[in-house]
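everything below, folded, please.
(one chain, ligands or ions: 1)
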Amino acid sequence: MIEVTHLTKRFVQQVAVDDLSFSIAPGEVVGFLGPNGAGKSTTMKMLTGFLPPCEGKVSICGFDIAKQTLRAQRLIGYLPEGAPCYGDMTVVDFLTFIAQIRGYRGKELRQRVARAVALVELERVVEQNIDTLSKGFKRRVGLAQAVLHDPKVLILDEPTDGLDPNQKHQVRKLIKSLAKDRIIIISTHILEEVSALCTRAMVISHGRLLVDDTPYALQSRSRYHQAVTLLAEQPLDRQLLQEVPGVLALEDNPLDGSITLLAEPGMVIFPAVNQLIHAQGWQVRELEVERGRLDEVFRSLTRGDVA
Ligand SMILES: Nc1ncnc2c1ncn2[C@@H]1O[C@H](COP(=O)(O)OP(=O)(O)OP(=O)(O)O)[C@@H](O)[C@H]1O
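Model (predicted):
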């Protein structure tokens, strides 16, 4: 369990984290969302004991990060933002060094390094200096050191930043596979990552917690929740579409010529739209119902409008 109470960090010029309180249970994958400068990294640094808070308390599985720092940190794997330090070390030397710091020796050390290398697919660069790696590989070295000791809590600051689509997919798969019985916190700017990975989303802005809910609940705040998009072979009778019970408005999508029907809040319009299509004999090539658009919800939340 992670328990955070009244966590606050003030820098000279501003309050970066402003009275955050929350708790996270094992099995939860929490996505920290927020615009640049919202306070995500500062929060993560305080959760991991790398930055002391001005006020508030963090407890990691019962250990106070300020007073029982080492015991708490043993339970945490942390991927900070940016690239790992020690750029003049090879990947294998760096991971061996981290494993030694974590207290492993001999066969177990070698096994742990080999397992971490395999988990994030670093085999072909193990003998290369970290400085000479691409951004994506540097990120993966950071991930490897975070999972090396099989921690109960994983705190990952933008884990897929700089990765190509294949690597992103692979890292998401890895995070999912690690989720059972662990606590995972990731910060990300990639909203699809939140719906693909997270069981819970926390939106932070100006250091304050704006929303703490499931990704699905966040999506359902979107004006596109339950919207139906259809792409037809022929022009459709817009009047008939507009008259379907529960349809709020029609939106044209000029890029592909499709039409999106927005639903009134709380209404499900898909069955009625489908019925109309059949009754009219329209040739519809694509028909899609949406859960909602996280990017739109994110924008309206963090711009100060209430979604
Ligand atoms: N060491 C520091 N000294 C002074 N101000 C800082 C320091 N670290 C962070 N800040 C400020 O605190 C605020 C929060 O920064 P933080 O890095 O936590 O945001 P973030 O949500 O992680 O942003 P991003 O998405 O860009 O990574 C920012 O305005 C930043 O400039």
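
give me the contact list for the helix or strand where Ala279 lies.
Taking DSSP states H and E as the definition, one finds Ala279 inside helix 270-280. Contacts to helix 270-280, defined as C-beta atoms under 8 Å, 6 or more residues apart in numbering, come from residues 226, 228, 230, 237, 240-241, 244-247, 261, 284, 287, 289. (Each C-beta comes from the backbone N, C-alpha and C, glycine too.)

take these and write them to TSV, including secondary structure and pLDDT.
Below are the contacts of helix 270-280 laid out as TSV (DSSP: H, G, I helix; E, B strand; the rest coil; pLDDT from 0 to 100):
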residue	secondary structure	pLDDT
Gln226	coil	97
Val228	strand	98
Leu230	strand	96
Asp237	coil	95
Leu240	helix	96
Leu241	helix	97
Val244	coil	97
Pro245	coil	97
Gly246	coil	97
Val247	strand	98
Leu261	strand	98
Val284	strand	95
Leu287	strand	96
Val289	strand	97
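
any idea which of the residues you listed is closest to the ligand?
Gln226 (30.8 Å; C-beta to the nearest ligand atom).

please tell me how far the spatially closest residue to the closest one that is not a sequence neighbour sits from Val273.
Computed as C-beta to C-beta, 6 or more residues apart in numbering, the closest residue to Gln226 that is not its neighbour in sequence is Ala263, at 4.1 Å. From Ala263 across to Val273, the span is 10 Å (C-beta to C-beta, to the nearest Å).

tell me the residues that contact both of the two, please.
228, 247.

looking at those two, which one has more neighbours?
Neighbour tally, Ala263 and Val273, criterion other C-beta atoms under 10 Å: the higher count belongs to Ala263, 23 against 20.

domains in the protein, by residue range?
2-219, 228-290 (automatic domain parsing).

burial count for Ala118?
Counted with other C-beta under 10 Å, Ala118 comes out at 11.

after the host helix or strand of it, next one along is what?
Here Ala118, judged by DSSP H and E, is contained in helix 106-119. Using DSSP H and E, the helix or strand that follows helix 106-119 towards the C-terminus is helix 135-147.

ok, and what's touching that following helix?
77-80, 83-84, 91, 94-95, 98, 116-117, 119-122, 125, 130, 133, 154, 156, 159-164, 167, 171, 174, 178.

who's Ala263 bridged to?
For Ala263, the beta-bridge partners under DSSP bridges are Val247.

so how far is Val194 from it?
Separation of Ala263 from Val194 (C-beta to C-beta) stands at 23 Å.

near the ligand, which residues of this structure show up?
Contact residues (C-beta under 6 Å from any ligand atom) of the chain with the ligand: 11, 14, 16, 34, 36-42.

go through these and flag which are in helices.
40-42 (DSSP state H).

a markdown table for these, including pLDDT and neighbour count?
What follows is those, written out as a markdown table (pLDDT from 0 to 100; neighbours: other C-beta atoms under 10 Å):
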| residue | pLDDT | neighbour count |
| --- | --- | --- |
| Lys40 | 96 | 26 |
| Ser41 | 96 | 19 |
| Thr42 | 97 | 19 |
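
out of these, which is nearest to Ser222?
Ranked by distance to Ser222 (C-beta to C-beta), those are led by Lys40 at 22.0 Å.
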